[in-house]
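# After the sequence you'll find the predicted model.
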Amino acid sequence: MDRSSPGFALRRGRVPLEVPIDVEFFGESFPASSVNIGLGGLFVATERRFEIGSRCNLRFALPGQAEAIALGAEVQWLYGHQGRALGMGLRFVDLPTVAAVAIQAFLRQFDEGPMV
């Protein structure tokens, strides 16, 4: 399997996802963009800095799904370069069933079947 294929990424627990996301920290909302998603969380590209362990609320629509999903998340890790924030890894917290079902349906599109 080609390492750049979405199916390979799914085997690693994540698939590419570039959609606008509304992120809310401490009552302040700002727009950001997702980079990839898995059932446990997603990576968000942003130049804003947050503390690991900080909680936030997310709202975004998955491709092919009419309704936006809303869920809570926690900052697990930060990514930056030369002192500049470039993004953060977020873990979903108390994932609502409707959101879990929507994310699973989206991820299934990338499943290429069992590896041989």
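Sure thing, it's come through. Just so we're clear, the structure is a prediction, and the values are computed from it rather than from any experiment.
# CA atoms for contacts and neighbours, from now on please.
OK.
# I37 and E18 touch, don't they?
No: the pair I37 / E18 is not scored as a contact, 9.2 Å apart, by Cα atoms under 8 Å.
# Neighbour count: those two, which is higher?
Neighbour tally, I37 and E18, criterion other Cα atoms under 10 Å: the higher count belongs to I37, 23 against 16.
# Could you confirm that one falls within a strand?
Yes: applying DSSP: H, G, I helix; E, B strand; the rest coil, one finds I37 inside a strand.
# Leaving out chain neighbours, which residue sits closest to A100?
L39 (7.1 Å; Cα to Cα, 6 or more residues apart in numbering).
# That neighbour: neighbouring residues, count only.
Around L39 there are 19 residues (other Cα under 10 Å).
# what residues are up against it?
G13, R14, A100, I103, Q104, L107 (Cα atoms under 8 Å, 6 or more residues apart in numbering).
# Roughly how far does the last one sit from A61?
I take that to be L107. Using Cα to Cα, to the nearest Å, L107 is found at 14 Å from A61.
# If you count surrounding residues, which of those two has more?
L107 (20 against 16).
# Just checking, which helix or strand of the chain averages the lowest pLDDT?
helix 6-11 (a mean of 44; mean pLDDT, DSSP states H and E).
# measure the residue most central in space within the chain to A102 for me?
Central residue of the chain (Cα atoms, centre = their mean): L42, 2.1 Å from the mean position. Between L42 and A102 the computed distance is 14 Å (Cα to Cα).
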